[in-house]
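*Asks:* Next one to model:
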Amino acid sequence: MTGETYLASDDSALLRRALRGFSGGSFLEIGAGNGGGLVELSPRFGLAVGTDVVKPTMSDWKEAGADYVLADGATCLRPSTFDLVAFNPPYLATEPRDDPAVDGGSLLEVPKAFLREALRVVKGNGRIVFLLNDEAKVREFEELCEGNGFSLERVASERGFFEELVVYSAKPREESLR
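*Replies:* Here you go, the predicted model:
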């Protein structure tokens, strides 16, 4: 592991734009990096928490009133806690190089692990928003959501230099709210 924080890029900016309309009681960003998402969302939530496996090098998330936990995903957090969970995982299908900032795993194990943790810590009426690229087998992510009473929809995209970045939103299926 390099121990370096992922620096925000076009993917981070796209996810932040997709999150602009959200507010509520509690927000979690899994893999928060330097905390840019926390800075933007913290003023609109009573509680904003970020997790990552490396310590952020910037501190503006702290000044925004957010909390930051050094953790692998959301494993240390209680189930059904957050109104909104967001993440921009390492989404490139790669062979492990011991760099958690960019290695998604050959079968995208890392983004799937983030989604499983998000489904565990989001409230039953909450929302999960996350980013993948166009090479991801979205059906596998849909199946994870469906198995937990959520449906998945594409909400934003942007064509980059060599890939299309896509933001998805998982929300409770109507029948699971009854």
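*Asks:* drop to CA atoms for contacts and neighbour counts, all remaining ones
*Replies:* Fine.
*Asks:* residues of the longest helix seen in the chain that come out buried?
*Replies:* Ranked by residue count and defined by DSSP state H, the top helix of the chain is helix 109-121. Neighbour counts over helix 109-121 (16 or more other Cα atoms under 10 Å) mark 110, 111, 112, 113, 114, 115, 116, 117, 118, 119, 120, 121 as buried.
*Asks:* Show me which of the residues you listed is closest to residue 132.
*Replies:* residue 111 (8.1 Å; Cα to Cα).
*Asks:* How about the closest one: what's its closest non-neighbour residue?
*Replies:* residue 89 (5.4 Å; Cα to Cα, 6 or more residues apart in numbering).
*Asks:* Assign a three-state SS to the one you found, would you?
*Replies:* coil (DSSP: H, G, I helix; E, B strand; the rest coil).
*Asks:* Tell me who's in contact with it.
*Replies:* When contacts are counted by Cα atoms under 8 Å, 6 or more residues apart in numbering, residue 89 touches 30, 31, 104, 110, 111, 114, 130, 131, 132.
*Asks:* So which of those is the closest to residue 167?
*Replies:* Distances from residue 167 to those, taken by Cα to Cα, are shortest for residue 131, at 4.4 Å.
*Asks:* could you point out where this structure is predicted with low confidence?
*Replies:* 1-8, 92-107, 175-178 (pLDDT under 70).
*Asks:* now the strands: where do they sit in it?
*Replies:* Using DSSP state E, the strands of the chain run over 24-30, 45-52, 67-70, 82-87, 122-133, 150-159, 164-172.
*Asks:* Most tightly packed of those?
*Replies:* Of all the strands of the chain, strand 82-87 carries the top mean neighbour count, a mean of 26, counting by mean count of other Cα atoms under 10 Å.
*Asks:* what's the spacing between the residue positioned nearest the centre of the chain and residue 174?
*Replies:* Nearest to the mean C-alpha position of the chain, by Cα atoms, centre = their mean, lies residue 87 at 1.0 Å. Look at residue 87 and residue 174: by Cα to Cα, to the nearest Å, they are 24 Å apart.
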